[in-house]
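# Coordinates for the following, if possible.
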Amino acid sequence: MANTEDLRAKTDDQLTSELTDLKREQFNLRFQAATNQLENPARIREVRRTIAKIKTLQNERAKSAAEKA
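Numbering: from 1, shown residues only. Now for the predicted structure:
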């Protein structure tokens, strides 16, 4: 699971790339769950929460950039 400090250290492009990868993984996990092939059900929760952390960081950065401009 991604640590918040690790995510904060990444650039905006890296966060966007990781977000894309996690959304793709979430999609695959949903299909695995639907076909009863899911090995680690807790991974769905981890991915969902990591996506939320990344989106929160992106919103914080956008908001601070808007305030500076």
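# what about T50, neighbour count?
By other C-beta atoms under 10 Å, 20 other residues sit near T50. Every residue, glycine included, has its C-beta placed from N, CA and C.
# How about the residue nearest to the spatial centre of the chain, nearest residue that isn't a chain neighbour?
Nearest residue to the geometric centre of the chain (C-alpha atoms, centre = their mean): I51, 2.3 Å. Spatial nearest neighbour of I51, excluding adjacent residues (C-beta to C-beta, 6 or more residues apart in numbering): L22 at 5.2 Å.
# Can you give me the distance of that neighbour to I44?
Using C-beta to C-beta, to the nearest Å, one gets 11 Å for the distance from L22 to I44.
# next one: S64
Applying C-beta to C-beta, the value for S64 to I44 is 31 Å.
# With R61 instead?
Distance check for R61 against I44: by C-beta to C-beta, it reads 27 Å.
# just Q32 next, same as before
Q32 is 9 Å from I44, by C-beta to C-beta.
# shared neighbours, the two?
Contact with both Q32 and I44 is made by residues L38, according to C-beta atoms under 8 Å, 6 or more residues apart in numbering.
# The residue nearest to I51: what's it in contact with?
V47, T50, I51, I54.
# Pull up the per-residue confidence for the residue nearest to the centre of the chain.
Note on I51: pLDDT of 98.
# Mind picking out the helix or strand in the chain with the poorest mean pLDDT?
Here the helix or strand of the chain ranked lowest by mean pLDDT, DSSP states H and E is helix 4-8, holding a mean of 94.
# Go ahead and measure how far it is from the middle of the chain.
Chain-centre distance of helix 4-8: 11 Å, with C-alpha atoms, centre = their mean, to the nearest Å.
# and it, what does it pack onto?
Counting contacts by 3 or more C-beta pairs under 8 Å, 6 or more residues apart in numbering; DSSP states H and E, helix 4-8 is packed against helix 42-68.
# again, 10 Å this time
Helices and strands touching helix 4-8, by 3 or more C-beta pairs under 10 Å, 6 or more residues apart in numbering; DSSP states H and E, are helix 12-34, helix 42-68.
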